[in-house]
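Student: My questions are about this predicted structure, shown below with the sequence.
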Amino acid sequence: MASTVAQYNVGAIEALHTQSSGLDDPRANYNGIDSRTIVLPVGHKKETDCRPFEAETVSDKDIEIPMRDGTILRGDVFRPVGRSSLPAIITFSPYWKSGTGFFDLHLAQGRVGIPRSALSGYQNFEGFDPTEWVNHDYAIGQCQYERRFGFIRKPQNRFWGTSGGLDGHDTVEHVAQLPWCSGRVALAGNSWLAITQWFIAATRSPHLACILPLEGMSDLYREILCRGGVPNLPLLDLLGNALFSKSTCVLPLFNEYWQDKRAKPQLIECPAYVLASMATSLHAVGSIRCFEEIPHKKWLRLHSTQEWHDLYQPDTVADLKRFLDFYTKGIKNDWEQTPQVRISVVRYNQPPVKNIPFDTWPISGTTTARFYLSSNNTLQPEQSSVVAGEQGYQSDITPQQCDADPEEFSFTFTFTERTTLIGFSKAVLYMSCPDHDDMDVYVIIRKADAKGNVLRNVNIPIADLNAVDASVKEEKDVDLVNTHQYVGSMGILRASHRKINERLSTERWAVHDHTSEDKISSGTVTKLEIGMWPAAIQFEAGEKLVVRISGHDMRLADYASLRGASATGNKGRHVLHAGGDYGSYVEVPIVGV
């Protein structure tokens, strides 16, 4: 039978489609639709080295979930035997169900410190483990949100945006009416599973009790696809091909298609447990923006590890359970007395300081420290101390993103007392390019020790990695990828996209407009305001703040396969102007801790 995909528009823009890999691809790990209900006995294991079920569990496989336009989604449900009036925790996901699909923790070194024996194997990628939550008298629902039209086999992935939000709304309302459900439904999960929640919750489903977006970007164009106006197509292509359900619209400027994929957290009315971390190049800005804009009943936890590792930690499970118990079961556990903001501060060469409580975000009492760039490669607190001059770097090298690329400027300041940076930093740079009519500029904040060694922060405890992969014994054994090691807070800007959207910007974070291009003239000095992603980093007396500037991505690659794949629009040399008429500087937020 020939396969077709229904066309749809976002506003006046026709969404483009691209061919996905077939379901018969062995990497898909897909065995077809299998609609049935079975009972998993106490002690059941999916595989011999998986966590056993501790409660007798009903497994409803491939239940039909009707959408308002007549299409059908499929879901799996796990629930304790003999229990009714259960709250449901739903993950709305492209990653298949019940441990099938391509993505799994085994793709990461040491399974990010989570042994197979810690999980049942029935969890979907980035989602809750059924055996854990069935024990606590919750039903776990895993919804696969590819849209299937009748007997047409080809799925369509309408990811995020209005369409995805409405599909999630209909899923919540359908599950709430199932005979075993109490009518109280929560949404939960990491990353993609978190992103969907912003759009679903904005539809205000009547039976949506609360959401747990555990790290999720909120603006596809600005936060992932075109940070600062620079396309990040290698990452999107890799994720799309691996998901077997890719739907891509490649449009160079921000328009109504991309606007539809910018979340509207101000519309969210239900309580929200929001998670963020520095150990991702995808989600921190989105998590914090949505936390700021959700009107009320919201909690933020910025943690010090990596999202997949954090999800299954006993302390995390206990914290999430308190939130869920309060809002889906009505258990009086004083959840609302929990500090609204909890921040873990990374120290790189020491263990992190965890869960520092604050009443607000941005943190009350935050001060801004400004450091001017000096041509002698120092950072100066006073502009009068700057040595004026120009420095140039070759902008068009191909970076390997292993923390050893050339053509990077460094500027350094040594702290004389313990200093804690929490929040958004920014750089204001005066730059020119004699060889081209545009510039892609990257700036990053790093930490160096008292001897000047520039540091990396290992995101996952080495003991946890070693418990899964015995070859990981010390820091040098940890993969040089972004999931496993954090280097610092980075910002990106294409000079022709430098126009700021004043309506969306805040005092702390400049949002660029991206609806038009304004090319630069060859050799003309241009002012660039570049926001750096939120961070929480502590420096001891004698340790150093390092600012690096270049024409390439200075983070570690998200995946080893992406090393050397990063591309820019740069040509020739960039020149940084410091001192005199050009007060290039960085600003960092300082909190007394």
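Tutor: On my side now, so go ahead. Keep in mind that what you see is a predicted model, and the values were worked out from it rather than measured.

Student: domain parsing for the protein?
Tutor: Domain assignment for the chain by automatic domain parsing gives 17-257, 367-590.

Student: Could you dump those into TSV with mean pLDDT and distance to C270 added?
Tutor: Backbone N, C-alpha and C define where each C-beta goes, glycine included. TSV is the format used below for these (pLDDT from 0 to 100; distance: least, CB to CB, whole Å):
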stretch	mean pLDDT	distance to C270
domain 17-257	88	5
domain 367-590	97	24
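
Student: Switch those domains over to a markdown table; also include mean neighbour count and distance to V346.
Tutor: What follows is the domains of the chain, written out as a markdown table (neighbours: other CB atoms under 10 Å; distance: least, CB to CB, whole Å):
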| stretch | mean neighbour count | distance to V346 |
| --- | --- | --- |
| domain 17-257 | 20 | 16 |
| domain 367-590 | 18 | 5 |
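
Student: Tell me which of the ones you listed lies nearest to I294.
Tutor: With CB to CB, the closest approach to I294 among the domains of the chain belongs to domain 17-257: 8.6 Å.

Student: who's in contact with whichever helix in the chain runs longest?
Tutor: Longest helix in the chain by number of residues, with DSSP state H as the criterion: helix 161-176. With CB atoms under 8 Å, 6 or more residues apart in numbering as the contact definition, helix 161-176 has outside contacts at 8, 10, 65-68, 73, 75, 77, 88, 90, 92, 141, 143, 145, 147, 158, 181, 183-185, 187, 196-197, 199-200, 202-203, 205-208, 260-261.

Student: Same check on stretch 525-533?
Tutor: Contacts of stretch 525-533 (CB under 8 Å, 6+ apart): 228, 278, 284-285, 424-432, 439, 441, 443-445, 489-493, 495, 498, 500, 509-510, 520, 577, 582.

Student: Run through the helices of this structure in chain order.
Tutor: Under DSSP H, the chain gives helices at 130-134, 161-176, 192-201, 220, 233-243, 256-260, 284-293, 307-311, 314-324, 462-468.

Student: Extract the C-alpha set from the first one and format it as CSV.
Tutor: What that stands for is helix 130-134. Taking C-alpha atoms only, helix 130-134 is exported to CSV below (Å, rounded to 0.1, in the frame of the first residue of the first chain):
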residue,chain,number,x,y,z
PRO,A,130,6.7,2.0,35.8
THR,A,131,7.9,-0.4,38.5
GLU,A,132,8.9,2.6,40.7
TRP,A,133,5.7,4.5,40.4
VAL,A,134,3.2,1.5,40.4
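
Student: now the angle from the longest helix of the chain to helix 192-201?
Tutor: 90 degrees (axes from the mean of the first three to the mean of the last three CA atoms, to 10 degrees).

Student: Could you tell me how far helix 161-176 lies from the centre of the chain?
Tutor: 22 Å (CA atoms, centre = their mean, to the nearest Å).

Student: again with stretch 72-84
Tutor: 28 Å.

Student: Ok, stretch 581-593 next?
Tutor: That offset, for stretch 581-593, works out to 25 Å (CA atoms, centre = their mean).

Student: K298 and E336 touch, don't they?
Tutor: No - counting by CB atoms under 8 Å, K298 does not reach E336; the two are 11.1 Å apart.

Student: Among the two, which residue is more densely surrounded?
Tutor: K298 (21 against 12; other CB atoms under 10 Å).

Student: For F539, which of the helices of the chain is the nearest?
Tutor: Short answer: helix 284-293, nearest of these by CB to CB, at 19.8 Å.

Student: export that closest one as CSV, just CAs?
Tutor: Provided in CSV are the C-alpha atoms of helix 284-293 (Å, rounded to 0.1, in the frame of the first residue of the first chain):
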residue,chain,number,x,y,z
ALA,A,284,18.4,25.7,30.5
VAL,A,285,17.1,29.0,28.9
GLY,A,286,13.7,27.4,28.2
SER,A,287,13.2,25.9,31.6
ILE,A,288,14.0,29.2,33.3
ARG,A,289,12.0,31.3,30.9
CYS,A,290,8.9,29.2,31.5
PHE,A,291,9.5,29.2,35.2
GLU,A,292,9.6,33.0,35.2
GLU,A,293,6.5,33.4,33.1
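
Student: ok, now which ones touch K499?
Tutor: Here K499 is in contact with 512-513, 516, 518 (criterion: CB under 8 Å, 6+ apart).

Student: what do you get if the cut-off is 10 Å, keeping everything else the same?
Tutor: K499 sits next to 229, 512-518 when contact means CB atoms under 10 Å, 6 or more residues apart in numbering.

Student: right, and L220 touches L235 too?
Tutor: No - contact criterion CB atoms under 10 Å: L220 and L235 do not qualify, at 11.9 Å.

Student: Relative to G523, how far out is the nearest residue in space to L73 that is not next to it in sequence?
Tutor: Counting by CB to CB, 6 or more residues apart in numbering, L73 lies nearest to I65, which is 4.3 Å off, once chain neighbours are set aside. Using CB to CB, to the nearest Å, I65 is found at 59 Å from G523.

Student: With distance to Q350 added, can I get the domains of the chain in a markdown table?
Tutor: Below are these laid out as a markdown table (distance: least, CB to CB, whole Å):
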| stretch | distance to Q350 |
| --- | --- |
| domain 17-257 | 19 |
| domain 367-590 | 8 |
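
Student: Which of those sits closest to F323?
Tutor: Comparing those by CB to CB, domain 17-257 comes nearest, at 7.0 Å.

Student: ok, back up a step: Throw the helices of the chain into a markdown table and include distance to W533, thanks.
Tutor: As requested, the helices of the chain are exported to a markdown table (distance: least, CB to CB, whole Å):
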| stretch | distance to W533 |
| --- | --- |
| helix 130-134 | 31 |
| helix 161-176 | 23 |
| helix 192-201 | 17 |
| helix 220 | 16 |
| helix 233-243 | 16 |
| helix 256-260 | 19 |
| helix 284-293 | 5 |
| helix 307-311 | 15 |
| helix 314-324 | 22 |
| helix 462-468 | 25 |
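
Student: mind checking which of these is nearest D49?
Tutor: helix 462-468 (11.4 Å).

Student: Restrict the closest one to CA atoms and write it as CSV.
Tutor: Only the C-alpha atoms of helix 462-468 are listed here, as CSV (Å, rounded to 0.1, in the frame of the first residue of the first chain):
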residue,chain,number,x,y,z
ILE,A,462,32.6,9.0,38.7
ALA,A,463,31.7,6.4,41.2
ASP,A,464,28.3,6.0,39.5
LEU,A,465,29.9,5.7,36.1
ASN,A,466,32.4,3.2,37.4
ALA,A,467,29.6,1.0,38.8
VAL,A,468,28.4,0.6,35.3
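
Student: Quick one: residues in contact with that helix.
Tutor: 105-106, 108-118, 305, 309, 313, 458-461, 471-475, 477-479, 484.

Student: what do you get if the cut-off is 6 Å, keeping everything else the same?
Tutor: 110-111, 113, 115, 472 (CB atoms under 6 Å, 6 or more residues apart in numbering).

Student: ok, the contacts of K499 vs S59, which is closest?
Tutor: Looking across those and measuring by CB to CB, the closest to S59 is H514, at 45.9 Å.

Student: For the closest residue in space to the closest one that isn't next to it in sequence, list the residues it contacts.
Tutor: Leaving out its chain neighbours, the residue that sits closest to H514 by CB to CB, 6+ apart is F254, at 3.8 Å. The contact partners of F254, taken as CB under 6 Å, 6+ apart, are 221, 514-515.
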